[in-house]
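In: need the 3D shape of this:
(one chain, ligands or ions: 1)
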Amino acid sequence: MSQEKPRSAATDLVQAGRFAGSGDWLPVNPPITRVSTVLFKDLEAIRAAERAVGGPTRSLTYGANGNPTAFALEDVINRLEGAHGTCLYATGLAAVAQMFQSFLRPGEHVLITDAVYTPVRRLARTLLDAFDIEYDYYAADGSDIESLIKPNTRMIYAEVPGSLAFEMCDLPALSTLCKARGLLLAVDNSWGSGVLYRPLELGADISLMALTKYVGGHSDVMMGSVSVTEAHWPALKKMCTAVGNTVSPDDAYLILRGARSLSARLAMHQANAMHVALWLQQHPQVARVMYPALPEDPGHALWKRDCHGCNGLLSFEFKAVDQAQVDDFVKALTLFGVGYSWGGYESLVTQVDQHGTRSVADWSKAGLMLRLHVGLEDPDELIADLSNGFAALG
Ligand SMILES: Cc1ncc(COP(=O)(O)O)c(C=O)c1O
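Out: Okay, the predicted model is just below:
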C-alpha cells in the first residue's frame with residue numbers, strides 16, 4: 001500500500017520496493033522468490049494469512065495470490081502512480097482487459113478515446129461485445145464527450161497522450177465531468193509511465209500501464225499494471241484474485257531492475273527525441289511532426305500544464321510520397337529497427353496505419369505517416385540515419 005509522504009518519482013524509483021530483511025547486511029535488491037506452495041506453522045497461521053489477503057498488509061498464501069518479488073514491484077508502482085493499490089498482469093493488454101472486467105457490467109456503456117492503443121478496439125469487439133457492454137469512441141481531444149454520454153454510461157477510458165499521433169486531452173476537465181455524473185475515469189498511462197504523467201493526481205480513478213514499455217525499458221519482458229484509488233481497490237483486487245491472475249517473480253524482477261533507471265532514461269529519450277523532432281520539423285519533405293513538447297503541437301499548452309516531460313515517441317507526416325517511397329525510406333535506415341512496441345533503449349520505426357486505427361478522425365487524406373521511437377543512441381547519428389531515409393525517397 002502507498003505511503004502518504006510525497007517524494008519525487010526519481011527518488012521513489014530508487015528507494016521503493018527494496019530488500020525488506022533485517023540484520024547487519026542487506027542486498028540492495030529483493031530476491032527472486034519462486035513460489036507456488038507456502039508452508040505455515042499451523043492452521044491458525046493459514047487462517048490469519050487468508051483473512052489478510054487484499055488487506056493493507058500483504059499476505060503470502062499461495063503463488064497464485066502473488067509473490068514477494070511482485071509485491072516489491074507493486075510498491076514501486078503504487079509510489080509512481082500515487083495509488084492505494086496495484087495489481088500486475090502478464091501484459092499491458094491483459095491489464096486493460098482485466099480493468100474492464102473489474103469495473104464494467106452487462107448493459108453498461110463505456111466511452112473509449114479514438115486515440116486508443118489499437119488492439120483495445122479488438123478487445124472491445126471480442127470481450128465487451130460478448131458481455132453486452134456497449135462502447136463508443138470519442139474524439140482524441142475529448143471535445144464531443146458530453147454529446148456521447150448515455151444514461152447507462154459507466155466509464156470514460158482515456159489514453160493521454162493518444163497512441164500514434166500523441167493528441168493531448170484535458171484530463172482534469174474530464175475528471176470534473178465524470179465526478180458530476182458519477183462516472184469512472186480510467187487512463188492508459190503507458191506513455192507517461194508514472195514519471196511524465198500522473199493521472200490519479202489529475203482526478204482519474206484508475207491508471208494502467210504497459211510496464212513492457214518504459215518501466216521495463218529493455219525490450220525483454222512483458223507486463224501490465226492497474227493502479228487505483230482506495231475506493232476502487234476492493235473491486236480490482238477481488239477480480240484479480242478470482243480469475244487467478246499473477247505474474248512470475250522472474251518477470252517482476254526484470255521490471256524492477258528496469259524501473260531503477262527509468263527517470264534517467266526518460267530524460268535522455270526526451271533530449272534525443274526533441275533533437276530529432278526539431279530537425280524533422282524543418283525538413284522540406286515533412287508536413288508535420290507530432291510531439292507535444294514542440295510549441296507548434298496542438299496539445300502543447302495541456303502538455304506544459306499537466307506533464308513533467310516528454311519521451312522518445314514521435315510521429316511525422318510526409319508531404320507527398322507514395323507507399324513504395326516510404327518502404328525505400330525505411331529500408332535505408334540502419335539504426336532504427338523495424339518493429340512494434342517502444343520504450344526500450346533502442347530506436348524503432350513503424351508505419352502508422354491510417355485506415356484501421358481511428359473511428360472519429362479522418363486520416364485517409366493525410367500524407368503517409370511514420371512513428372519513431374527515439375532511443376538512447378547518439379542523436380546526431382540518428383539524424384544522419386534519417387537523412388539517408390530522405391535521400392532514398394528519390
Ligand atoms: C499505449 C499502450 N497501451 C498498452 C499497450 C499494451 O502493452 P503490451 O504490449 O504489454 O500488451 C501498448 C503496447 O504497445 C501501448 O502502446
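
In: give me the residue from the protein nearest the ligand.
Out: residue 92 (2.3 Å; Cβ to the nearest ligand atom). All C-beta spots, glycine's among them, are computed from the backbone N, C-alpha and C.

In: is the nearest residue to residue 189 once chain neighbours are set aside in a bridge, and if so with what?
Out: Nearest non-adjacent residue to residue 189, counting by Cβ to Cβ, 6 or more residues apart in numbering: residue 207, 4.6 Å away. Beta-bridge partners for residue 207, by DSSP bridges, are residue 187, residue 227.

In: my guess is residue 207 contacts residue 227. True?
Out: Yes: if you go by Cβ atoms under 8 Å, residue 207 and residue 227 touch, sitting 5.0 Å apart.

In: list, one by one, the residues from the stretch 1-150 of the chain near the ligand.
Out: Counting by Cβ under 6 Å from any ligand atom, the stretch 1-150 of the chain comes close to the ligand at 91-93, 117.

In: coming back round to it: higher neighbour count, residue 207 and residue 227?
Out: Legend: neighbour count by other Cβ atoms under 10 Å for residue 207 and residue 227, higher for residue 207 (32 against 29).

In: mind listing what the more buried one touches?
Out: 81, 83, 186-187, 189, 194, 198-200, 226-228 (Cβ atoms under 8 Å, 6 or more residues apart in numbering).

In: before we move on, what about residue 95?
Out: Residue 95 touches 87, 89, 208-210, 224-226, counting by Cβ under 8 Å, 6+ apart.

In: let's see it at 6 Å
Out: 89, 208, 224, 226 (Cβ atoms under 6 Å, 6 or more residues apart in numbering).

In: and for residue 237, the neighbour number?
Out: 19.

In: and the pLDDT at it?
Out: Predicted confidence (pLDDT) for residue 237: 93.

In: with residue 360 instead?
Out: pLDDT, read off for residue 360, is 95.

In: same thing with residue 59?
Out: The model's pLDDT for residue 59 equals 82.

In: so how far is the helix or strand of the chain with the lowest mean pLDDT off the chain centroid?
Out: Ranking every helix and strand in the chain by mean pLDDT, DSSP states H and E puts helix 43-52 at the bottom, with a mean of 90. Counting by Cα atoms, centre = their mean, to the nearest Å, helix 43-52 is centred 35 Å from the centre of its parent chain.

In: pLDDT of the next helix or strand after that helix, averaged?
Out: Using DSSP states H and E, the helix or strand that follows helix 43-52 in sequence is helix 68-81. Taken as a whole, helix 68-81 has a mean pLDDT of 96.

In: for helix 68-81, packing partners?
Out: strand 85-89, strand 224-228, helix 249-259 (3 or more Cβ pairs under 6 Å, 6 or more residues apart in numbering; DSSP states H and E).

In: next, show the common contact partners of residue 207 and residue 227.
Out: Joint contacts of residue 207 and residue 227 (Cβ under 6 Å, 6+ apart) are residue 81.

In: was I right to think residue 392 contacts residue 332?
Out: Yes: counting by Cβ atoms under 6 Å, residue 392 does reach residue 332; the two are 3.8 Å apart.

In: give the contact list for residue 290.
Out: 165-166, 315.

In: ok, of these, which come out buried?
Out: Among the contacts of residue 290, the ones that count as buried by 16 or more other Cβ atoms under 10 Å are 165-166, 315.

In: and which of these is nearest to residue 258?
Out: residue 166 (22.5 Å; Cβ to Cβ).

In: helix, strand or coil for the closest one?
Out: Here residue 166 is recorded as coil under DSSP: H, G, I helix; E, B strand; the rest coil.

In: what's the distance between the nearest residue to it once chain neighbours are set aside and residue 167?
Out: Excluding the flanking residues, the one nearest residue 166 by Cβ to Cβ, 6+ apart is residue 290, at 5.1 Å. Distance of residue 290 to residue 167, computed by Cβ to Cβ, to the nearest Å: 8 Å.

In: break this protein down into its domains, please.
Out: The chain breaks down by automatic domain parsing into domains covering 9-259, 262-391.

In: from those, which stretch is densest packed?
Out: Comparing the domains of the chain by mean neighbour count (mean count of other Cβ atoms under 10 Å), domain 9-259 ranks first with a mean of 19.

In: what angle separates the helix or strand that contains residue 272 from helix 249-259?
Out: For residue 272, the element it lies in under DSSP H and E is helix 262-281. Angle of helix 262-281 versus helix 249-259, following axes from the mean of the first three to the mean of the last three Cα atoms, to 10 degrees, is 60 degrees.
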